[in-house]
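> Model the following, please.
(one chain, ligands or ions: 3)
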Amino acid sequence: MLPLPRGLYAITPDRADTDSLLNAVRSALAGGIGVLQYRNKQADAMLRRQQAEALLALCRPAGVPLVVNDDLALALAIDADGLHLGSEDGDLAAARAALGPARLLGASCYDRIELAASAIAAGASYVAFGAAYPSTTKPHAPHAPLALYRQAAASLSRPVVAIGGITVSNCAPLLAAGVHGVAVCNGLFDAPDIAARAMAFQDVTAGDASI
Ligand SMILES: Cc1ncc(COP(=O)(O)OP(=O)(O)O)c(N)n1
Ligand SMILES: Cc1nc(C(=O)O)sc1CCOP(=O)(O)O
Ligand SMILES: [Mg+2]
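Ligands and ions are numbered 1, 2, ... in the order given. Coordinates of the predicted model:
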C-alpha cells in the first residue's frame, strides 16, 4: 500500500478558473507539499474531470500523490493515486476493492474515534479527524479536540490526519499530539505567497519528530 507522505496535505480550493487553480498548485508544489487532494464542491463533472487530469499532470512528475475527494469513478478514470471518502460518499470496502491494494484511501472520522476502527478494517490507509479549529471552508464541521488526536495517534494502526482551520501558527500542538500530517486548504491557498507558505508548513512539520 502506498504510504501516506509526511508533511503538508494540501486541499484545493473551489476555483472555476482552471488556470488560476493550476498556478496556485504549481506554487504549492514549488514550496513543498506531501499530498494534494483535489476537492471541488461546486464544479460540474466535466470541469472536475478537466481539473483533476490537469492536476495529475502537475503532481505525477513532482512525485506528489494526487487524492480525489468524494468521487471514486473520477479517481479511477484518471488513475489518481488515491481517494478520500466521508461518511456520505460511498462504501469504503467497495472503494478499496475498486482501487486495489496500493492506492491511498482516506476516511473522514470527524470528531468520532469509534469510526476509525471500522474504516481501517474496511481498507482505509489513513483516517482524518476534524475540525481541529474553526474552518471558513467548512464552517459547520464539528470540533475535534486535541485529546482526540492524541488518543487516535496513540491507538490507531494507520496514519492520523488533522483537518480544519489549520495554519502555520496553530499546527504545532497537533503535530506534538502525534498526527501524521495536517490537511490544509485556506491556510495555504489564501496566502499571498503560496510557495513560501508551503515551505513554512513543511518547516514546522519537518521539525516535529512525531510525524
Ligand atoms: C483529508 C480530509 N479529511 C476530511 C475531509 C472531509 O471529507 P468529507 O467529510 O467527505 O467532506 P467534503 O470534503 O467532501 O466536503 C477531506 N475532504 N479530506
Ligand atoms: C474539507 C474539510 N473537512 C473538514 C472536517 O472537519 O472533516 S474541515 C474541512 C475544511 C478544510 O479547509 P480549511 O483548511 O480551509 O479549514
Ligand atoms: Mg466528501
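> Please name the nearest non-neighbouring residue to Ile113.
Counting by C-beta to C-beta, 6 or more residues apart in numbering, Ala152 is the residue found nearest to Ile113 once chain neighbours are left out, at 5.6 Å. C-beta: built from backbone N, CA, C; applies to glycine.
> Then Gly32?
Nearest non-adjacent residue to Gly32, counting by C-beta to C-beta, 6+ apart: Gln202, 4.4 Å away.
> re the thing from before, the residue nearest to Ile113 contacts Ala116, doesn't it?
Yes: using C-beta atoms under 8 Å, Ala152 is in contact with Ala116, at 6.4 Å.
> which neighbours do those two share?
Cys109, Val127 (C-beta atoms under 8 Å, 6 or more residues apart in numbering).
> Quick check, pLDDT for Ala209.
Reported pLDDT at Ala209 in the predicted model: 43.
> Only the buried residues of the strand or helix carrying Ala119, if you could.
Taking DSSP states H and E as the definition, one finds Ala119 inside helix 114-121. Buried residues in helix 114-121, counted by 16 or more other C-beta atoms under 10 Å: Leu115, Ala116, Ala117, Ala119, Ile120.
> can you tell me if the following helix or strand past it touches ligand 3.
Next in sequence after helix 114-121, counting helices and strands by DSSP H and E, comes strand 126-130. No: Strand 126-130 stays clear of ligand 3 (C-beta under 5 Å from the ion), getting no nearer than 10.5 Å.
> continuing past strand 126-130, what's the next helix or strand?
helix 146-155.
> Pull the distance from that following helix to the chain's centre.
18 Å (C-alpha atoms, centre = their mean, to the nearest Å).
> Closest to Thr167 out of the buried residues of helix 114-121?
Ala116 (24.8 Å; C-beta to C-beta).
> So the closest one sits against Ala128, correct?
No: between Ala116 and Ala128 there is no contact under C-beta under 8 Å: 9.5 Å.
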